[in-house]
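Novice: kindly return the folded structure for what I paste below:
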Amino acid sequence: MQFVRERLGSCCSSSSRVITIVYATLMLDNMLLTAVVPVLPEYFFKQHIELLESENVSQSVSNATVTIATTNASTALPSGGCTPSSATSYLSRENLYIGILFASKPLVQILTNIAVGPITDIIGFNVPMFVGYVIIFTSATIFAFGTSYPILLVARALQGIGSACSSTAGMGMVADSFKDDEERVRAIGLALGGLAMGVLIGPVFASVVYQLAGKEAVFLVLAVFAVMLAVIQICLRSLKVERRPPGEEGTPLATLLCDPYIAIVAATIMLGNTTIGMLESGQPIWMIQTMCAKKWELGIAFLPESISYLIVTNLIALCCQRAPLWSICMIGIYMSSVGSVTLPLATSLPEVIGPGLLIGSAVAMVDTSMFPVMATLVDTRHKPVYGSVYAIADVAFCIAFIIGPLVAGAVISVIGFTWLMRIVSIVTFLFAPLVLFLRNPPKKEETLSLLYNATPPARTDEESDESTNGRMTDVFEEGK
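Specialist: From the prediction side, this is the model:
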């Protein structure tokens, strides 16, 4: 093991290894996150058809023939037209179940982060990240062999626990390894590229493998990927607990949550990603209703967001380290506002590409600028320990993908997709000026001065003389 560690360590620097590990971790997590999207809806629908056929076979031969034919015709998946399918009743129920299953992951991840952040501050990043790999492996294995809805719901919830461990520890590791602000922006931008890559290739990978080899193969490949990352981490970083000396523990989670500047950053991350969460829920149905979109078009329509996110995160990481991060974020928020209001104007798939590129680039600018700001705020206003603050960032990210689909479903049913996106555009436009507070947030000493509304009192001449006499007496005593 020591020989392997030395050989791998000689291939790249310590900082490069950190970025590579975190990049691969985020890619694995988001591949598993998005792999279920093209697989599980069709898998459950297939189970439904098989169940109906097995029930009808028990009837008389004549009745069974008619009933099965009718059932197959009435429960067929929509072929991609504007006319409603007779399978709408079942599919609407399935959408509810799938929505609950998808939302269980970020919900559990939020609850887990409350504990993972402080634990990471105490024992370091290596053990929580390894535990995350183990849990993700377990989740992928259950996905592979599970067949019932409750079992797959457990697998999805387990992934939330694994994601909380690996993602929070990974981003904290990057922030801790790069103390210079410019290097930290570059490193976090490159690491976030793994998130975009996982979202980009996850559905494509899953749909192809599912078509060729079945559901089991999709998730077994991801389980093997998790094992490989666990082995690489053991070889490169070991699993020792890095306890901090007394007095150097991180700032309590509650204290960080009460910091208004950290709250602004968390709200910005949440708002930026909520737009994507709403699109995932509302855009496909809107395209079916207005464009007569086919099945493959519903997935292709999200490629502009994923591709632009991947490109922009890398561009900011490589080219924009010296640009003010608050300005990058503000530009991104305004771009998101423009993309949100123009998307409903599209009448065909090619017209969706432009707003999609704007929204994906905007979210990339928000994430790539605000994640480093989290670390900078901890450095200047609290203690430079990063587990808890990145737990807050991860919670904000998860809330976006809980609120987004829930709000989208409720609002669309009342006022429609077009007005939903107009409201989102107005909210993001009005929120943008709050980012100006991040231009020059007060540091720890300045905060204390503002808190007490006074500067430390100046010494009187008598106090200065007494202090000087005291120091001279000490020096005289030492000389003796």
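
Novice: residue contacts, residue 365?
Specialist: 312, 316, 328-329, 331-332, 335 (Cβ atoms under 8 Å, 6 or more residues apart in numbering). Glycine gets a C-beta too; all of them are placed from N, C-alpha and C.

Novice: could you dump those to a markdown table with secondary structure, neighbour count and distance to residue 362?
Specialist: Shown next, in a markdown table, are the contacts of residue 365 (DSSP: H, G, I helix; E, B strand; the rest coil; neighbours: other Cβ atoms under 10 Å; distance: Cβ to Cβ, whole Å):
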| residue | secondary structure | neighbour count | distance to residue 362 |
| --- | --- | --- | --- |
| 312 | helix | 26 | 9 |
| 316 | helix | 27 | 12 |
| 328 | helix | 21 | 10 |
| 329 | helix | 25 | 10 |
| 331 | helix | 18 | 8 |
| 332 | helix | 29 | 4 |
| 335 | helix | 21 | 4 |
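
Novice: may I see the buried residues of the helix or strand encompassing residue 279?
Specialist: When secondary structure is defined using DSSP states H and E, the element that contains residue 279 is helix 260-291. Judged by neighbour count (16 or more other Cβ atoms under 10 Å), helix 260-291 contains these buried residues: 261-262, 264-288, 291.

Novice: quick check: closest non-adjacent residue to residue 24.
Specialist: On the basis of Cβ to Cβ, 6 or more residues apart in numbering, the spatially nearest residue to residue 24 that is not a chain neighbour turns out to be residue 229, at 5.7 Å.

Novice: name the element the one you found belongs to?
Specialist: Here residue 229 is covered by helix 215-237, with elements defined by DSSP H and E.

Novice: by contact count, what packs against whatever helix or strand comes next after that helix?
Specialist: From helix 215-237 onward toward the C-terminus, using DSSP H and E, the following helix or strand is helix 253-257. Contact here means 3 or more Cβ pairs under 8 Å, 6 or more residues apart in numbering; DSSP states H and E; on that basis helix 253-257 packs against helix 88-123, helix 387-415.

Novice: among the ones you listed, which is the most enclosed?
Specialist: The highest average neighbour count among the helices and strands packed on helix 253-257, using mean count of other Cβ atoms under 10 Å, belongs to helix 387-415 at a mean of 21.

Novice: any idea which helix or strand comes after that one?
Specialist: In the C-terminal direction, the helix or strand that comes right after helix 387-415 (DSSP H and E) is helix 417-431.

Novice: run through the stretch 251-400 of the chain and note the low-pLDDT ranges.
Specialist: Applying pLDDT under 70 to the stretch 251-400 of the chain picks out residues 281, 295-296, 298-299, 320-321.

Novice: show me the residue at the heart of this protein, geometrically.
Specialist: Among the residues of the chain, the one closest to the centroid is residue 397, at 5.0 Å (Cα atoms, centre = their mean).

Novice: distance of residue 314 from residue 229?
Specialist: Between residue 314 and residue 229 the distance, using Cβ to Cβ, to the nearest Å, works out to 21 Å.

Novice: so the two - more neighbours on which side?
Specialist: Using other Cβ atoms under 10 Å as the criterion, residue 314 and residue 229 rank with residue 229 on top: 22 against 18.

Novice: quick check, pLDDT for that one.
Specialist: At residue 229, the pLDDT value in this model is 91.

Novice: weakest of the helices and strands packed on helix 253-257 in terms of mean pLDDT?
Specialist: Within these, confidence is poorest for helix 88-123, with a mean of 75 (mean pLDDT).

Novice: tell me the angle the following helix or strand past it makes with helix 387-415.
Specialist: Later in the chain than helix 88-123, the nearest helix or strand by DSSP H and E is helix 126-145. Counting by axes from the mean of the first three to the mean of the last three Cα atoms, to 10 degrees, helix 126-145 lies at 40 degrees to helix 387-415.

Novice: how far away from the center of its chain is helix 126-145?
Specialist: Per Cα atoms, centre = their mean, to the nearest Å, the displacement of helix 126-145 from the mean C-alpha position of its chain is 17 Å.

Novice: in it, what's buried?
Specialist: Neighbour-count burial for helix 126-145, counted by 16+ other Cβ under 10 Å, picks out 126-133, 135-144.

Novice: surely residue 259 is in contact with residue 374?
Specialist: No: counting by Cβ atoms under 8 Å, residue 259 sits too far from residue 374 to count as a contact (10.5 Å).

Novice: if you count what's nearby, which of the two comes out ahead?
Specialist: For residue 259 against residue 374, the residue with the higher neighbour count under other Cβ under 10 Å is residue 374, and the figures read 25 against 20.

Novice: which residues does that one contact?
Specialist: Under the criterion of Cβ under 8 Å, 6+ apart, the neighbours of residue 374 are 175, 262, 265, 386, 389-390, 392-393.

Novice: and for residue 195?
Specialist: By Cβ under 8 Å, 6+ apart, the residues touching residue 195 are 26-27, 29-30.

Novice: compare these and tell me which is most surrounded.
Specialist: residue 29 (26 neighbours).
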